[in-house]
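1. Quick one, what's the 3D model for this:
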Amino acid sequence: MTTATIDIANQLAEFCREEKYIEAVETLYDENIVSLEPVGTEEMPARLEGKQDVMNKNKWFIDNFEVVESTVYGPYPNGDRFALAFCLTAKNKETEETSKMEEVALYTVNNGKIVQEEFFHAC
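-> Numbering: from 1, shown residues only. The predicted structure follows:
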């Protein structure tokens, strides 16, 4: 496990705690980042490639949901990877419905940047 991976993990955790998702992508993600979600839609595919597409995914979330409550656990490092766990309550800005989400994200670091993020959602 490298110091760079731990530093990036701590920085990402802090960005997420502060709900600075766009800044996290701009600062810590590789241009060729791969983002994997367990489920996708036509509007938001399960697999995204490239920093701009991941940025757009985050902007979509910010535009459509208000975070009511959020807790970030971790990071949990392992070699060139680390995990963060998220528990959040978000309100849909259009319908005003509130939902709770739990997920774990596994991140891979290479050359000082996050090159892959993979999300696992609770049932």
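
2. Where does pLDDT dip in the chain?
-> Using pLDDT under 70 as the threshold, the predicted model of the chain has low-confidence ranges 1.

3. What count of nearby residues applies to the nearest residue to residue 70 once chain neighbours are set aside?
-> Counting by Cβ to Cβ, 6 or more residues apart in numbering, residue 70 lies nearest to residue 88, which is 4.2 Å off, once chain neighbours are set aside. Backbone N, C-alpha and C define where each C-beta goes, glycine included. Using other Cβ atoms under 10 Å, residue 88 has 18 other residues around it.

4. Wait, residue 88 touches residue 66, no?
-> No. Counting by Cβ atoms under 8 Å, residue 66 is not a contact partner of residue 88; they are 10.7 Å apart.

5. Give me the secondary structure label for the residue with the largest distance to the centre of the chain.
-> Among the C-alpha atoms of the chain, the one farthest from their average position, using Cα atoms, centre = their mean, is that of residue 95, at 23.6 Å. What DSSP: H, G, I helix; E, B strand; the rest coil gives for residue 95 is coil.
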